[in-house]
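A.B. asks: Quick one, structure for this:
(2 chains)
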Amino acid sequence: MARPELSPSLPEKEGVAASALYYLRLYYLLLRAQARSQAVYRVSFALDALGSAFITLAEFAAFVLVLPRFGSLSGWTLGEVSLLYGLAELAFVLMDLAFGGFDAPNLSQHVRSGSFNTFLLRPAPLRLQIFGSDFALRRVTRVVLAAGILAYGVMASGVIWTPEAALLLAGSVLGMVAFFGGLSVIGGTLTFWTVESVEAMNVLTYGGRTLISYPMDIYGQFLRKTFTYLIPAAFLSYFPVLHVLGRPLPDGLPMLAAYLSPLVGPLMLAAAFAFWRVGVRHYGGTGT
Amino acid sequence: MQVALKSPSRPNLPLYASVARLGFRRQFAYPQAALWGLITNLFFGVLRIAVLVALFGSTPQVAGYTVQDAITYTGLTQAFIMALSLFGWTDFMRTIHRGEVAPDLLRPHNLLAFWAAQDAGRAVGQFVLRGLPMLALFASIWGATFPAGLNGWLLTVLSLLLAWACGFAFRFLVNCAAFWSPDAVGIGRFAWAVLGLGSGFLMPLAFFPQWFQGVLAFTPFPSMMNTTVEIWLGVRTGPEAWVGLAVQLGWALLLLGVAAFVLSRGLRRLEVAGG
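C.D. replies: The predicted model follows:
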């Protein structure tokens, strides 16, 4: 089937770089449209933005307030835990921003009402449209909060910061965004078949986020091994942070394991998108 | 909006009883969703236990809590999430925003009592559906403890009922924001976050620094769960427990009074577009 003409002409001759730029611009336009519409009601927007950060703030504050009574979290200082907590929250909120369109409640609504058809009919890549379909600007306050917690961790953990360490943590965030994005895509894809098992995904996404917000050795051997070898969550931020802090990795794993986050995450995402293509092929509309 | 109907002089108890019964039964409509919710709560319970146990380390007792108490505390808070609506409740504000409150006002009942009855039924239903299995799981896996003796049970049950009453009145008040603002959901987000911190859901209040506990003591939030947990655990016994109950009762009456007052003010300015 020939592709219909788009007004800003599709770059068919200019090559890969030009078409990437074109799609990037399209994505930007989709996001801008939503950001604008959300900013119309200023009070409402401000309340939502502050409120969504406030929940994380309360949760972290509770931990900060009780820690002095105990001294440390099995040998981890507040600064060190802040590294883990800040990394996990930063990655999770960036993922929420980028992958909001794949979020199961959002996608299942399109699938149930049949409005998913509109995406399929438009002359633009499907995934690009989904990526640009639910951009919640209110989450930027959570980005600021997460960055603040992480910055505190960076300062208070007493680590000597080298470009290598910074790169390691940047890679960790990248890997986590891709990893949790992959989980989100899987959760969204499941809605092509069912709306009920979606809650099971919450255990993995929100549970996974909470899990990696604290040093993983506190969970005991069974859970830690499960989330290292079966579900490779430990590679995302725990191993990189251990390495940055100059601590040995568990199970005698080589230092190389600390660098695997930017590999584990994208692999997860690639697998998720493979599943996504199966789901889209399965989708048959609502018949209306 | 003025309601012309004269309220019956005597409260229609059978009416509220059947409203509560329906609220109870409605909770059992989606057993599969409840099962997944239970699994999620259990998983988070495991993580929260791990954090608390790691905090304790080799310390036998902190602020009157043993490690076992901390585990039981986790089980209790995870069990109460749904029954006490600790993550928030927006049912009433939805009826205001959508205008469904208008037909409710035409019925011959007191709106606050109607919602209280419905929420009581909902709470009991959720306690049976999500709370009891959670407590059973925590008791069988981690040896969560139960109140000591008949006296302990009596105090705990009374305190739990009062915790629900305080919590309901607070949630209802927050929902009343919808009479004045279209952003009541956003306002609610703050309220539920404060509820989580102040009611002792995120951490036992006894672990907080003295100054912060002092601040919280002036608020109704500890009465919405923390007091019940401390009575259950036996951290609070004898006269201290009775004082806790009295404080809970005081807050419940005060909050319900404020809720009734705010509701009447809200109804006065309510406008519902026909259609």
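A.B. asks: Go ahead and flag the most central residue of the chain.
C.D. replies: Just so you know, I chose chain A. The residue lying closest to the centre of chain A (CA atoms, centre = their mean) is A:Met95, at 2.5 Å.
A.B. asks: Can you look at chain B instead?
C.D. replies: B:Leu84 (2.7 Å).
A.B. asks: Is it in contact with B:Met224, as I believe?
C.D. replies: Yes - using CB atoms under 8 Å, B:Leu84 makes contact with B:Met224 at a distance of 6.9 Å. Yep, even glycine has a C-beta here, placed from its N, CA and C like the rest.
A.B. asks: Could I get the phi/psi values of A:Gly75?
C.D. replies: Main-chain torsions, A:Gly75, degrees, to the nearest 10: phi 90, psi 0.
A.B. asks: Against B:Gly57, how distant is it?
C.D. replies: Taking CB to CB, to the nearest Å as the measure, A:Gly75 and B:Gly57 are separated by 9 Å.
A.B. asks: likewise B:Gly37?
C.D. replies: 32 Å.
A.B. asks: Looking at the two, which has the bigger crowd around it?
C.D. replies: More neighbours surround B:Gly37 than the other of B:Gly37 and B:Gly57, with 19 against 14 (other CB atoms under 10 Å in any protein chain shown).
A.B. asks: Isn't the more buried one up against A:Glu199?
C.D. replies: Yes - if you go by CB under 8 Å, B:Gly37 and A:Glu199 touch, sitting 6.6 Å apart.
A.B. asks: Give me the phi and psi for A:Asn73.
C.D. replies: I think there's a mix-up here, since residue A:73 is Leu and not Asn. According to degrees, to the nearest 10, A:Leu73 has phi -100, psi 90.
A.B. asks: Now do the contacts for A:Tyr152.
C.D. replies: With contact taken as CB atoms under 8 Å, 6 or more residues apart in numbering or on different chains, A:Tyr152 is in contact with A:Gly79, A:Ser82, A:Gly86.
A.B. asks: from those, which is closest to chain B?
C.D. replies: Using CB to the nearest CB, A:Ser82 comes nearest to chain B of the contacts of A:Tyr152, at 14.4 Å.
A.B. asks: Tell me the gap between the host helix or strand of that closest one and the middle of its chain.
C.D. replies: Using DSSP states H and E, A:Ser82 sits in helix A:78-99. Between the centre of helix A:78-99 and the centre of its chain there are 9 Å (CA atoms, centre = their mean, to the nearest Å).
A.B. asks: Ok, stretch A:204-211 next?
C.D. replies: 11 Å.
A.B. asks: what about that stretch, near chain B?
C.D. replies: Yes - under the criterion of CB under 8 Å from any CB of the partner chain, chain B is reached by stretch A:204-211 at A:Tyr206, A:Gly207, A:Thr210, A:Leu211.
A.B. asks: Poorly predicted segments of chain A, please.
C.D. replies: A:1-14, A:195-197, A:287-288 (pLDDT under 70).
A.B. asks: Where do the helices of it begin and end?
C.D. replies: A:16-38, A:42-70, A:78-99, A:104-113, A:116-121, A:126-131, A:140-156, A:163-190, A:198-211, A:220-225, A:238-244, A:261-282 (DSSP state H).
A.B. asks: Deepest-packed of those, please.
C.D. replies: helix A:238-244 (a mean of 25; mean count of other CB atoms under 10 Å in any protein chain shown).
A.B. asks: got the residues of the stretch 151-275 of chain B near chain A?
C.D. replies: Residues of the stretch 151-275 of chain B lying near chain A (CB under 8 Å from any CB): B:182-183, B:186-190, B:192-194, B:196-197, B:202-203, B:207-209, B:212.
A.B. asks: Once you drop chain neighbours, what's closest to B:Ala191?
C.D. replies: Nearest residue to B:Ala191, sequence neighbours excluded (CB to CB, 6 or more residues apart in numbering or on different chains): B:Val174, at 4.4 Å.
A.B. asks: Provide a list of residues in contact with the closest residue to the residue nearest to the centre of chain B other than its chain neighbours.
C.D. replies: Nearest residue to B:Leu84 in three dimensions, chain neighbours excluded: B:Gly167, at 5.1 Å (CB to CB, 6+ apart). By CB under 8 Å, 6+ apart, the residues touching B:Gly167 are B:Leu84, B:Ser85, B:Leu195, B:Ser199, B:Met224, B:Met225.
A.B. asks: Report the rounded mean pLDDT for the helix or strand B:Ala241 falls within.
C.D. replies: Following DSSP H and E, one finds B:Ala241 within helix B:238-269. Taken as a whole, helix B:238-269 has a mean pLDDT of 96.
A.B. asks: Figure out how far that helix is from the centre of its chain.
C.D. replies: Offset of helix B:238-269 from its chain centre (CA atoms, centre = their mean): 13 Å.
A.B. asks: likewise stretch A:140-160?
C.D. replies: 17 Å.
A.B. asks: With stretch A:135-147 instead?
C.D. replies: Relative to its chain's centre, stretch A:135-147 lies at 12 Å (CA atoms, centre = their mean).
A.B. asks: Send over that stretch as PDB, restricted to the C-alpha atoms.
C.D. replies: Output in PDB follows, covering the C-alpha atoms of stretch A:135-147 (Å, rounded to 0.1, in the frame of the first residue of the first chain):
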ATOM      1  CA  PHE A 135       3.000  12.900  28.000                       C
ATOM      2  CA  ALA A 136       2.300  14.000  31.600                       C
ATOM      3  CA  LEU A 137       4.200  17.200  32.000                       C
ATOM      4  CA  ARG A 138       3.200  17.300  35.700                       C
ATOM      5  CA  ARG A 139       5.900  14.700  36.400                       C
ATOM      6  CA  VAL A 140       8.700  17.200  35.900                       C
ATOM      7  CA  THR A 141       8.500  18.000  39.600                       C
ATOM      8  CA  ARG A 142       9.300  14.400  40.400                       C
ATOM      9  CA  VAL A 143      12.400  14.700  38.100                       C
ATOM     10  CA  VAL A 144      13.600  17.700  40.100                       C
ATOM     11  CA  LEU A 145      13.000  15.900  43.400                       C
ATOM     12  CA  ALA A 146      14.700  12.700  42.200                       C
ATOM     13  CA  ALA A 147      17.700  14.700  40.900                       C
END
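A.B. asks: Am I right that B:Phe221 is in contact with B:Ser199?
C.D. replies: Yes - under the criterion of CB under 8 Å, B:Phe221 makes contact with B:Ser199 at 4.9 Å.
A.B. asks: Which one's more surrounded, the two?
C.D. replies: Just comparing B:Phe221 and B:Ser199: by other CB under 10 Å the higher neighbour count belongs to B:Ser199, 29 against 23.
A.B. asks: Surely that one touches B:Met224?
C.D. replies: Yes - look at B:Ser199 against B:Met224 with CB under 8 Å: they come within range, at 4.4 Å.
A.B. asks: ok, A:Ala170 to A:Ser113 distance?
C.D. replies: 40 Å.
A.B. asks: With A:Phe180 instead?
C.D. replies: Taken as CB to CB, the span from A:Phe180 to A:Ser113 is 27 Å.
A.B. asks: And B:Met225, by the same measure?
C.D. replies: Applying CB to CB to B:Met225 and A:Ser113 gives a distance of 39 Å.
A.B. asks: try A:Val280
C.D. replies: As defined by CB to CB, A:Val280 lies at a distance of 17 Å from A:Ser113.
A.B. asks: ok so, going back, nearest to B:Val157, of the helices of chain A?
C.D. replies: Comparison of these against B:Val157 by CB to CB identifies helix A:42-70 as nearest, at 27.5 Å.
A.B. asks: So which elements touch the closest one?
C.D. replies: On a contact count with 3 or more CB pairs under 8 Å, 6 or more residues apart in numbering or on different chains; DSSP states H and E, helix A:42-70 meets helix A:78-99, helix A:140-156, helix B:31-56, helix B:184-198.
A.B. asks: got the buried residues for the shortest one?
C.D. replies: So that's helix B:184-198. Within helix B:184-198, the residues scored as buried using 16 or more other CB atoms under 10 Å in any protein chain shown are B:184-198.
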